[in-house]
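[1] no FASTA, just this:
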């Protein structure tokens with residue numbers, strides 16, 4: 001016969017059984033809670049995703065309508081206010097200006113890019129010379145700041161003229177509209193034309209700025225050389241001038 005368990009052991013076994021049952025119950029409740037929470041999150045996600053898809057579709061439809069209105073407005077304004085320049089010609093002008101600006105500003109070798117790079121290289125040398133003079137007290141008199149060469153000057157002038165022409169061509173287009181600008185600012189056509197115009201004006205401003213900087217540096221250098229010459233003359237001892245006898249006289 002199995003000896004009867006003591007009351008303490010029986011009580012302990014009963015308590016362990018209750019804890020085991022409680023643990024199983026908690027596991028089931030936790031699994032049920034996770035399943036319910038996952039289901040609720042999935043429903044919320046699907047709802048939000050559906051709303052997002054609807055918003056994206058509405059924005060896409062709105063953008064398409066706006067772009068269509070902008071094209072229609074461009075066509076209407078071209079016919080009403082610029083009869084001598086047909087709609088097809090205006091499209092060609094916009095395309096040519098966009099290609100021109102893209103070529104000039106090409107980072108791999110555009111004319112505008114190269115002109116700016118030449119200026120930046122020259123300006124770095126200017127800074128090096130000025131720094132050298134500062135630390136040497138102007139003792140190195142053999143190094144002077146030369147202006148950028150004539151070819152660069154002519155290239156910058158040609159670029160400025162070309163960009164100003166692009167700006168006038170953009171302004172001649174009827175994309176900006178006549179009273180419809182506020183309604184069409186979000187259209188791809190308007191943003192493209194406005195972005196091109198802003199970029200062209202920015203490039204013109206940059207060219208004007210670097211030309212002014214170059215002119216200021218050259219003017220400052222000439223003043224420095226003039227002052228240096230005066231200092232050299234003033235510190236040179238006066239030589240007694242003696243009449244020189246010509247070679248033909250003995």
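    The structure has been received and is ready for your questions. Values in this document were obtained by computation on a predicted structure and should not be read as measured data.

[2] Confidence-wise, which helix or strand of the protein is lowest on average?
    helix 181-184 (a mean of 67; mean pLDDT, DSSP states H and E).

[3] Now do the contacts for the residue nearest the centre of the chain.
    Using C-alpha atoms, centre = their mean, the residue of the chain that lies closest to the mean C-alpha position is residue 199, 9.7 Å off. Applying C-beta atoms under 8 Å, 6 or more residues apart in numbering, one finds that residue 199 lies in contact with 101, 105. For the C-beta atoms, the positions are set from N, CA and C on the backbone; glycine is no exception.

[4] per-residue confidence averaged over the helix or strand containing it?
    Element membership of residue 199 [criterion: DSSP states H and E] is helix 188-235. The average pLDDT for helix 188-235 rounds to 91.

[5] Would you state the helices of the chain in chain order?
    7-81, 87-104, 111-136, 150-172, 181-184, 188-235 (DSSP state H).

[6] for the longest one, packing partners?
    The elements that helix 7-81 packs onto, with contact taken as 3 or more C-beta pairs under 8 Å, 6 or more residues apart in numbering; DSSP states H and E, are helix 87-104, helix 181-184, helix 188-235.

[7] Make JSON lines from the ones you listed and add distance to residue 8 to it.
    Rendered in JSON lines, the data for these read as follows (distance: least, C-beta to C-beta, whole Å):
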{"stretch": "helix 87-104", "distance to residue 8": "92"}
{"stretch": "helix 181-184", "distance to residue 8": "89"}
{"stretch": "helix 188-235", "distance to residue 8": "85"}
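
[8] which one of those helices lies closest to residue 153?
    Evaluated with C-beta to C-beta, those place helix 188-235 nearest to residue 153, the distance being 8.1 Å.

[9] Could you report the neighbour count for residue 216?
    When neighbours are defined as other C-beta atoms under 10 Å, residue 216 has 10 of them.

[10] Distance check, it against residue 209.
    11 Å (C-beta to C-beta, to the nearest Å).

[11] Just give the closest residue to residue 100, not the sequence neighbours.
    Take residue 100 and drop its neighbours on the chain: the residue closest to it by C-beta to C-beta, 6 or more residues apart in numbering is residue 166, 5.9 Å away.

[12] so who does that neighbour touch?
    97, 100, 101, 196, 200.

[13] And for stretch 88-105, what's in contact with it?
    Identification of contacts with stretch 88-105 by C-beta under 8 Å, 6+ apart yields 74, 78, 82, 85, 110-113, 159, 162-163, 166, 169-170, 172-175, 192-193, 196, 199-200, 203.

[14] Weed out the non-buried ones from these.
    If you count burial by 16 or more other C-beta atoms under 10 Å, the buried members of the contacts of stretch 88-105 come out as 74, 78, 110-112, 159, 162-163, 166, 169-170, 173-175, 193, 196, 199-200, 203.

[15] Quick one, grab the pLDDT at residue 16.
    Looking at residue 16, the pLDDT reads 82.

[16] ok so, going back, could I get the helices of the chain as TSV with distance to residue 144?
    Listed next are the helices of the chain as TSV, based on distance: least, C-beta to C-beta, whole Å:
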stretch	distance to residue 144
helix 7-81	55
helix 87-104	32
helix 111-136	8
helix 150-172	18
helix 181-184	53
helix 188-235	7
